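In: Would you be able to build a 3D model of this:
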Amino acid sequence: ADYGQLEMKNSTNNIRVLLTIAGTFLYGASVWAEQSDVDAAIEAGFKAFNRGDVVAAMMHYETASNAGSAEGQARLAWVLDQSEQNEDAVRWYRASAEQGHADGQYGLGEMYAKGEGVEKDESMAVKYFTLAAENGHAQAQRVLINAYQKGLFGLATDPEKAAAMQSRLDQQQAEAGDDE
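Out: A predicted model of the protein is given here:
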């Protein structure tokens with residue numbers, strides 16, 4: 001056996017392993033930094049909105065949204081919705097909803113229910129309210145409870161389903177310590 005060649009092969013393998021580890025570490029650090037930047041943008045947007053600077057809030061939420069943050073997308077959509085920029089609101093609500101974000105799903109349901117930024121479509125409203133409710137969105141649950149109690153959105157009245165949903169909501173709120 002040629003030990004010199006074997007030693008060289010082991011060194012090459014060790015270098016590959018070290019490069020793989022280093023690459024993994026750098027990628028992880030990069031992802032963490034990007035998420036940290038997104039979180040900072042959302043927090044900055046929240047603070048700007050609370051001090052009444054809607055323009056700055058939108059700028060920060062848009063930064064998070066463009067980075068793919070479902071929360072940033074839902075927040076930006078809500079501000080756009082309140083500003084009656086309905087088509088843009090629908091676009092961002094949809095982007096958030098497609099990632100499974102409850103606020104995005106609820107917001108998109110509202111847009112379909114009202115026919116704002118999209119053609120009014122009660123079945124699509126129910127679809128997105130249901131997705132949001134399944135993700136624990138309390139207001140979506142309340143909307144569906146009301147819809148099943150009163151037969152709204154093309155749903156048949158179903159007091160038993162409404163009661164079961166109310167029970168789940170009550171339990172969810174008790175677990176969260178929410179008194180709403």
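
In: What distance do you get for Ser83 to Ala140?
Out: 22 Å (Cβ to Cβ, to the nearest Å). Every C-beta, even on glycine, is put in place using the N, C-alpha and C of the backbone.

In: quick one, which of the two is more surrounded?
Out: A direct count of neighbours by other Cβ atoms under 10 Å for Ser83 and Ala140 places Ala140 higher, at 25 against 12.

In: what ranges do the helices span in this structure?
Out: 3-50, 54-66, 70-82, 86-98, 102-114, 122-134, 138-150, 159-176 (DSSP state H).

In: list the contacts for the residue positioned nearest the centre of the chain?
Out: For the chain, His101 is the residue whose C-alpha lies nearest the centre (Cα atoms, centre = their mean; 2.7 Å). Shown in contact with His101 (Cβ atoms under 8 Å, 6 or more residues apart in numbering): Ala70, Glu71, Gln73, Ala74, Asn135.

In: Of the residues you listed, grab the buried ones for PyMOL.
Out: Selecting the buried subset of the contacts of His101 in PyMOL, with 16 or more other Cβ atoms under 10 Å as the burial test, is done by:
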select buried, resi 70+71+73+74
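
In: Pick out the most distant pair among the contacts of His101.
Out: Gln73 and Asn135 (14.9 Å; Cβ to Cβ).

In: Kindly reformat the contacts of His101 as JSON lines containing distance to Ala57 and pLDDT.
Out: Shown next, in JSON lines, are those (distance: Cβ to Cβ, whole Å; pLDDT from 0 to 100):
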{"residue": "Ala70", "distance to Ala57": "17", "pLDDT": "96"}
{"residue": "Glu71", "distance to Ala57": "13", "pLDDT": "96"}
{"residue": "Gln73", "distance to Ala57": "14", "pLDDT": "96"}
{"residue": "Ala74", "distance to Ala57": "13", "pLDDT": "97"}
{"residue": "Asn135", "distance to Ala57": "24", "pLDDT": "96"}
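
In: just the contacts of His101 now: which is nearest Leu144?
Out: The closest of the contacts of His101 to Leu144 turns out to be Asn135 (Cβ to Cβ; 12.6 Å).

In: Over to that closest one: give its phi and psi.
Out: Reported as degrees, to the nearest 10, the phi and psi values for Asn135 are phi -90, psi 10.

In: shouldn't Leu108 be in contact with Trp92?
Out: No: counting by Cβ atoms under 8 Å, Leu108 does not reach Trp92; the two are 9.4 Å apart.
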